[in-house]
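Chemist: I need the structure of the sequence given here:
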Amino acid sequence: MVGTNPDSGLLEALVERCAVEPDFFVRDMLTWALTRLPVEITVPRLRTELQSERAQARSQALHTLSKIGDGSAWPSITRSLLHDPVDEVARSAWRAAVVLVPAREKEGLAAELAAQLGRGDRSVHLSLSRALVALGDVIEPALQTAMASADPAVCAHARATELLLRDPEAGFDAAIDEARRIVALGTQGPT
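Modeler: Numbers count the residues shown, from 1 in each chain. This is a model prediction of the structure:
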């Protein structure tokens, strides 16, 4: 049992397997095994993996870094990762970023993430909204800017995110529907 009996000698094999393993549950176990290894060897190796040409390697490295939670990895969560053209990589970067961001950089991260409102399909919208909401009230200025967008998709996504910030128990689909209705009617809705 690799994770039960951590062996630093297996670091390279675990990281390499994460990059190619097709089964989500196996990758999850590989991540768990990596989190059991010493941070001082695991984090630098995962940071290197963020430069991989293989999207799954980048995504899985980001996921594992978020699980380890070592703030020293924050500088490796680059703008290019946050805006990666592969949605799964970007989503992993968003999740890792909100876990690793220092408090003094939350507003900048909020603006960076909010710049992508309207991106992708429903699942991408939900991931981005969850990442933004996890940052807390610091997202409000970025949401206000996005709600002024001429793009109705951006505006609706921003409004839905604001609704989730105010009521985390609200369903995402209901928040999106309400936000679209507000945008279509051209009203401000509740503030």
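
Chemist: which residues of the chain score low on pLDDT?
Modeler: 1-4, 175, 183, 185-191 (pLDDT under 70).

Chemist: care to break it down by domain?
Modeler: Annotated domains of the chain cover 1-100, 106-191 [automatic domain parsing].

Chemist: using a markdown table, please lay out those domains together with mean neighbour count.
Modeler: Where C-beta positions appear, they are placed from N, C-alpha and C, glycine not excepted. Shown next, in a markdown table, are the domains of the chain (neighbours: other CB atoms under 10 Å):
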| stretch | mean neighbour count |
| --- | --- |
| domain 1-100 | 18 |
| domain 106-191 | 17 |
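
Chemist: next up, the contacts around the residue minimising distance to the centre of the chain.
Modeler: The geometric centre of the chain, computed from its C-alpha atoms, lies nearest to residue 94 (CA atoms, centre = their mean), at 2.0 Å. For residue 94, the contacting residues are 82, 113, 127-128, 131, by CB atoms under 8 Å, 6 or more residues apart in numbering.

Chemist: next: residue 119.
Modeler: Residues in contact with residue 119 (CB under 8 Å, 6+ apart) are 87, 90, 125, 128.

Chemist: for the residues you listed, work out which two are farthest apart.
Modeler: Farthest pair in the contacts of residue 119 (CB to CB) is 90 and 125. Separation: 12.2 Å.

Chemist: quick check: residue 5 vs residue 36, distance?
Modeler: Using CB to CB, to the nearest Å, one gets 9 Å for the distance from residue 5 to residue 36.
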